[in-house]
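>>> give me coordinates for this.
(one chain, ligands or ions: 2)
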Amino acid sequence: MRSGFVALAGRPNVGKSTLVNALCAGKIAIVSDKPQTTRHRVSGIAEGEGYQLVLVDLPGFQRPLDPLTERMQRTVDRGLADVDGVLLVLAADERPGPGDRFVARRAFAGSAPVVIALNKTDRLGPAEIAEQIERVAGLGDFRALHPVSARTGDGVAALRDELAALLPEGPRYFPEGATTDQPLGFRVAELVRERALELTREEVPHAITVELEELGERRVRASVLVETEAQKRIVVGHGGRTIREIGIRARPEIECLLDRPVFLELRVKVRPRWRRDRALLERLGL
Ligand SMILES: Nc1nc2c(ncn2[C@@H]2O[C@H](COP(=O)(O)OP(=O)(O)OP(=O)(O)O)[C@@H](O)[C@H]2O)c(=O)[nH]1
Ligand SMILES: [Mg+2]
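Ligands and ions are numbered 1, 2, ... in the order given. Take a look at the predicted model:
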């Protein structure tokens, strides 16, 4: 039996969480088209022939702006320590820039081998992919470079095999059949947040967090927290349209996760400066 941990490093929005979901063949982490979606360390477990591969999804590298983003960057630092491999994720449809070089320096600074995933290849033709591979290859001394599309699944199986080959002999760290380390309540709150991100824009997604208040047999209650009255009006929407839509979209996924029908009650609350509220951040596991 081989087993171990591979952490994902990359700028926000390059597709790390989508790739974790593709590698694990299930929904582990929430995804959105807004940067800074992932705020916590989330593990996804991929089991294969004789191995258990734990993929550690992390927030994207960014400059910390407030206690929330500071904590997210600490999560990145801790997540990259003590792993068996680092999966450096880059977006194939963007030229590697200063942000990618910064992440790459950090990834290559550790002792663990680095595998590069050039993601979103579905957006490019073969010639453009070849050009990007050349550009990306200069970032450091990598173990392997895989062009993939987390969206279509192209190249994902070969990448999984490559990562499994990095694993040392070891025990199963999670029970057989486990898919993630996240508590159920956290996953429920994240599914609500995912829909709230989907339906909001600009600064609003960054100002949203979700606090689960009740996870009952038949009733799930959660609060969508924002920082200002103006943001609350946006998330509530005209006549309650937006918050209702968040609930309509989140509920089937929550029911699927819980494997039972539930009433989902959502409320929008203003919690001024919650991103600076250390007690609340602790409670949210940040
Ligand atoms: N076309 C295309 N889009 C992708 C692919 N992988 C991810 N995306 C999209 O890229 C956006 C960001 O994806 P995420 O997985 O949330 O990115 P992330 O790197 O985890 O972002 P943070 O958590 O903010 O650091 C979403 O809109 C995804 O649907 C891909 O292979 N092809
Ligand atoms: Mg993410």
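
>>> CA atoms only for whichever strand or helix holds residue 187, dumped as CSV, please.
Counting by DSSP states H and E, the element that carries residue 187 is helix 184-198. C-alpha atoms of helix 184-198 as CSV (Å, rounded to 0.1, in the frame of the first residue of the first chain):
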residue,chain,number,x,y,z
LEU,A,184,-20.8,17.5,6.9
GLY,A,185,-21.9,20.9,8.3
PHE,A,186,-19.0,22.7,6.6
ARG,A,187,-19.9,21.1,3.2
VAL,A,188,-23.5,22.2,3.5
ALA,A,189,-22.4,25.8,4.2
GLU,A,190,-20.0,25.7,1.3
LEU,A,191,-22.7,24.5,-1.1
VAL,A,192,-24.8,27.5,-0.1
ARG,A,193,-21.8,29.8,-0.5
GLU,A,194,-21.1,28.4,-3.9
ARG,A,195,-24.5,29.4,-5.1
ALA,A,196,-24.2,32.8,-3.5
LEU,A,197,-20.9,33.4,-5.4
GLU,A,198,-22.5,32.2,-8.6
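
>>> what does it contact?
When contacts are defined by C-beta atoms under 8 Å, 6 or more residues apart in numbering, helix 184-198 is touched by residues 29-32, 34, 37, 40, 180, 182, 205, 208-212, 215, 220, 222, 224, 235, 245-247, 249-250, 253-254, 257-258, 264, 266, 285. Using the backbone N, CA and C atoms, a C-beta is placed for each residue, glycine as well.

>>> which positions in the stretch 101-250 of the chain make contact with ligand 1?
Within the stretch 101-250 of the chain, the positions adjacent to ligand 1 are 119, 120, 122, 123, 149, 150, 151 by C-beta under 6 Å from any ligand atom.
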